[in-house]
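Engineer: build the 3D model from these lines:
(chains A and B)
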Amino acid sequence: MLKLPIYLDNNATTKPDPQVVEAMLPYFTEFYGNAASRNHSFGWKAEEAVDYARQQVADLINANSKEIIFTSGATESNNLAIKGVFEMYREKGNHIITVNIEHKAVLDTCRHLEKMGAEVTYLKPSIDGLVSIEQIKNAIKPETILITVMYANNEIGCINPIKEIGELAHQNNILFHTDATQAIGKIPVDVIADNIDLASFSGHKIYGPKGIGALYVRRKNPRVKVTSQIDGGGHERGMRSGTLNVTGIVGLGKACEIAGKQMAEESQRLSKLRDKLEAELLKLEETYLNGSITKRLPHVSNISFKYIEGEGLMMGVKDIAVSSGSACTSASLEPSYVLKNLGLDDELAHSSLRFGLGRFTTEEEIDYTIEHVKTAVTKLREMSPLWEMFKEGIDLKTVEWTEH
Amino acid sequence: MRVYLDNAATTPLDQEVVTAMTDVLSNYYGNPSAQHAIGRTAKGILEIARRNVAELINAKSSEIFFTSGGTEADNIVIRSAVTDLGVKNIITSPTEHHAVLHTAEEMNEKGMAVLHFVNINEKGEIDLENLEFLASKYPESLISIMHANNEIGTLSNLKTISAIAKKYHCIFHSDTVQTMGHYKIDVEELGIDFLVCSAHKFNGPKGTGFLYIKNIHKLKPMITGGGQEKNLRAGTENLHGIVGLAKALEISNKILDEKRKKIQSLKNLMINLIKEKIPQIGFNGLITENESLYTVLNVSVPPSPIGDMLLFKLDIEGVCASGGSACSSGSNKGSHVLAAIKHPEDRTGLRFSFGKFTTEKDIRFAVDKLQKILSE
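Structural biologist: A predicted model of the protein is given here:
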């Protein structure tokens, strides 16, 4: 029996895996110690759990467990990585290279640093959402200390040439940070092979709990250091103070372990479902796929339904939980800045929906989604004067609108 | 038998809190910023928790900002007071938690604000005359004084300090991590500008806390990004943690008097048993009922060959206590709090801290073991 609503917003957050919740529970009540309590067994037990989880997290990305710093989530990790590098390497230079379709946690942090004396280059990606090595190469200056480029985009799912960017960064003695929140646990991420110096990610995007995330900080070739942004007890090797969220960490560790085990099979299953959904929806007239079709996460599809507003469409498909942009900015009715920066006009950007499939998505749900989105689009267009004009062959761009 | 007397470091969770959180984890997993029904439900849960927390401390919902814990909240206050509110001087005590102390020191080192320490006596009490002197000399400062010291339990009178702060147009912040959920806290009555809370100190979850900001103050975010928490604190909200915090605070406030009476009598029992059975042991900080946090008892053990092994031996005997703050227990440096109250270096400071699950049996057991170890 199909249970409504259907959840297709797995890029915003995911439902914790029952195995994750189960793993967390004993650490609420039974092993509740403070991992920093070095003098008794409750503390040791908590520390042991943290160490185990740190290894689980490290294993997923081929890191050493000592290179994992726990934070409250990917936003904090991004802040720590970028501000922390800027403060630590300020004497070396002040230039940062990023891309204008990064997550707000990266963009707003870069903007903040501009006020503190940083110079930031915001590269414009191609229409498919990717940056090229050439673009980055041309942006490098003697003062460049950091390149921060997301592994995969949260709205359109496109995957950047991470390995090559990392290689370029290392050749130029520049640090490379990647916001890997959408990629880790979904596709293979290998910090060594990918030449990554710092990587941010969070638990709740990979069927773990909210309120927990991590920052990978490379310890060898080169040894990377970041200035802490939250001071206090000197936890996490001095890079992040505050009592460790033991249950959250246990949950993140378990989530990483499960993701690692299921990734190969799961990404195949999801891309098959995604492709089916996409192929069916693209059969509708004036419907366009956003972002790269080849270099893309297996579970994401971002589609523009021209002549319909995304919000209207979301209301039309109430039984399906999708998003018309990133959750973090969807409170505003502005069209997605990601799509706008890809060069889409406001109208097309406004009419887009992001379908984010996940571990609990079934084929039955996809079939239902196909049918309902198709019906809703057709119905909304029947009511739309713009659609009518389009069908009459009027080029909307030439129409002069009069204000009433 | 194993008794847990380290409740100032962290506490076990209430079953009711776990149940509330498990429900959110399993059933209400939406992102509160998402527009669809699942997201809006999550947003509703978030705002109900915020309202409940606000009511419990007599604040407005718009004055409650959820964070990852007390340390983050303290960092926001100290940093933002300097960068956003134009504070040039910080007046604090040498016995504050490192979350306040290290952040204030950093502001001082960077030349962004000047740090002034108020005098304290050997019981850890703030010299109020000296505080008033500093406030008059440096008006419009940030005064940051913790409500109860986490290591020795000495309480400060927030109302009195608040009055001093007002007189000299200072901003008053209090690290209330050790007292929230243990005392009735009313922000209106205290007339305070900022205070912080950490859920895991009162049988709530780790990884979540809040910052109270009096609504006249407008701060910029320390963690930038998606604009959550009215643009003060970016990052997807830790919904289950926040629900757990609200639940834990609600339960704590319901049983406040009863809990206080029970734990205070356990603390009195421990004081009396120690006085009677191990008279060579002294007490650090104030131990009188109204001047001292009822959940903490810090004792001073005379020099002995056991010395540093004392906590280890206690653990072997089944007693979990601490030498001071858990946050710095990994370092070899002695407690900065004990140093500040001039506790002799050759004596050992031991902190026993109690919670609502502590029993009389636990106390008797701990004193017996302590006596046994010291007489070996």
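Engineer: count of neighbours near residue B:19?
Structural biologist: Neighbourhood size, residue B:19 [other Cβ atoms under 10 Å in any protein chain shown]: 12. C-beta coordinates here come from the backbone N, C-alpha and C atoms, glycine included.
Engineer: would you map the helices across chain A?
Structural biologist: Listed in chain order, the helices of chain A (DSSP state H) span A:18-24, A:26-29, A:41-60, A:74-88, A:104-115, A:133-139, A:162-171, A:246-281, A:310-316, A:337-341, A:346-350, A:363-382, A:385-391.
Engineer: who are the packing partners of the longest one?
Structural biologist: Counting contacts by 3 or more Cβ pairs under 8 Å, 6 or more residues apart in numbering or on different chains; DSSP states H and E, the secondary-structure elements packed against helix A:246-281 are helix A:18-24, helix A:26-29, helix A:41-60, strand A:68-71, strand A:300-305, strand A:352-356, helix A:363-382.
Engineer: if we go to 6 Å?
Structural biologist: helix A:18-24, helix A:26-29, helix A:41-60, strand A:300-305, helix A:363-382 (3 or more Cβ pairs under 6 Å, 6 or more residues apart in numbering or on different chains; DSSP states H and E).
Engineer: would you turn the ones you listed into TSV with mean pLDDT and mean neighbour count?
Structural biologist: Shown next, in TSV, are those (pLDDT from 0 to 100; neighbours: other Cβ atoms under 10 Å in any protein chain shown):
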stretch	mean pLDDT	mean neighbour count
helix A:18-24	98	19
helix A:26-29	94	19
helix A:41-60	97	20
strand A:300-305	96	25
helix A:363-382	96	17
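Engineer: so which of the ones you listed is nearest residue B:226?
Structural biologist: Closest of the helices and strands packed on helix A:246-281 to residue B:226 is strand A:300-305, at 18.5 Å (criterion: Cβ to Cβ).
Engineer: that closest one pairs with which strands?
Structural biologist: Neighbouring strands of strand A:300-305 in its sheet, by DSSP bridges, are strand A:287-289 (antiparallel), strand A:352-356 (antiparallel).
Engineer: so which residues make contact with the first one?
Structural biologist: The set of residues that contact strand A:287-289 without belonging to it, under Cβ atoms under 6 Å, 6 or more residues apart in numbering or on different chains, is A:303-305.
Engineer: what average pLDDT does that strand get?
Structural biologist: Strand A:287-289 comes out with an average pLDDT of 96.
Engineer: report the buried residues of it.
Structural biologist: A:287, A:289 (16 or more other Cβ atoms under 10 Å in any protein chain shown).
Engineer: so how far is it from its chain's centroid?
Structural biologist: Averaging C-alpha positions (Cα atoms, centre = their mean, to the nearest Å) puts strand A:287-289 22 Å from its chain's average.
Engineer: cool, stretch B:80-92 as well?
Structural biologist: Relative to its chain's centre, stretch B:80-92 lies at 21 Å (Cα atoms, centre = their mean).
Engineer: in that stretch, which residues are buried?
Structural biologist: B:80-82, B:87, B:89-92.
Engineer: okay, those in TSV with distance to residue A:42 next?
Structural biologist: Formatted as TSV, the buried residues of stretch B:80-92 follow (distance: Cβ to Cβ, whole Å):
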residue	distance to residue A:42
B:80	34
B:81	35
B:82	37
B:87	39
B:89	41
B:90	35
B:91	36
B:92	31
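Engineer: what about chain A: which of those residues touch it?
Structural biologist: Counting by Cβ under 6 Å from any Cβ of the partner chain, nothing from the buried residues of stretch B:80-92 sits close to chain A.
Engineer: now do the strands in the stretch 251-376 of chain B.
Structural biologist: Assigned by DSSP state E, counting those that start in this stretch, the stretch 251-376 of chain B shows strands spanning B:282-284, B:296-301, B:319-320, B:348-353.
Engineer: for chain A, which of those strands is the nearest?
Structural biologist: Checking these against chain A by Cβ to the nearest Cβ gives strand B:319-320 as the closest, at 3.6 Å.
Engineer: the closest one pairs with which strands?
Structural biologist: Strand B:319-320 has the following strand partners under DSSP bridges: strand B:3-4 (parallel).
Engineer: how about whichever helix or strand comes after the strand it pairs with and chain A, touching?
Structural biologist: Next in sequence after strand B:3-4, counting helices and strands by DSSP states H and E, comes helix B:15-27. Yes - Helix B:15-27 reaches chain A (Cβ under 6 Å from any Cβ) through B:18, B:25-26.
Engineer: what comes up buried for helix B:15-27?
Structural biologist: For helix B:15-27, burial by neighbour count (16+ other Cβ under 10 Å) applies to B:17-18, B:20-22, B:24-25.
Engineer: check contacts around the most centrally placed residue in chain A.
Structural biologist: With distances taken as Cα atoms, centre = their mean, the residue of chain A nearest its centroid is residue A:182 (3.4 Å). Contact partners of residue A:182, counting by Cβ under 6 Å, 6+ apart, are A:152, A:154.
Engineer: confidence score at it?
Structural biologist: Per-residue pLDDT puts residue A:182 at 98.
Engineer: cool, and residue B:1?
Structural biologist: Looking at residue B:1, its pLDDT is 89.
Engineer: what about it, which SS state?
Structural biologist: Assigned with DSSP: H, G, I helix; E, B strand; the rest coil, residue B:1 falls in the coil class.
Engineer: surely it and residue B:319 touch.
Structural biologist: No - under the criterion of Cβ atoms under 6 Å, residue B:1 makes no contact with residue B:319, lying 9.2 Å away.
Engineer: compare the two (neighbour count), which wins?
Structural biologist: residue B:319 (26 against 9).
Engineer: any idea what that one is bridged to?
Structural biologist: Per DSSP bridges, the residues bridged to residue B:319 are residue B:3.
Engineer: show me the contacts for it.
Structural biologist: Counting by Cβ under 6 Å, 6+ apart, residue B:319 touches B:3, B:366, B:369.
Engineer: now, which of these sits nearest residue B:139?
Structural biologist: Taking Cβ to Cβ as the measure, residue B:139 lies nearest residue B:366 of the contacts of residue B:319, at 47.5 Å.
Engineer: what's the nearest residue to that closest one if we skip its chain neighbours?
Structural biologist: In this structure, residue B:366 finds its nearest non-sequential neighbour in residue B:319, 4.8 Å apart by Cβ to Cβ, 6 or more residues apart in numbering or on different chains.
Engineer: for residue A:177, see how far away that neighbour is.
Structural biologist: 46 Å (Cβ to Cβ, to the nearest Å).
Engineer: close to chain A: what parts of the stretch 51-200 of chain B are there?
Structural biologist: Residues of the stretch 51-200 of chain B lying near chain A (Cβ under 6 Å from any Cβ): B:68-69, B:71-72, B:75, B:98-99, B:102-103.
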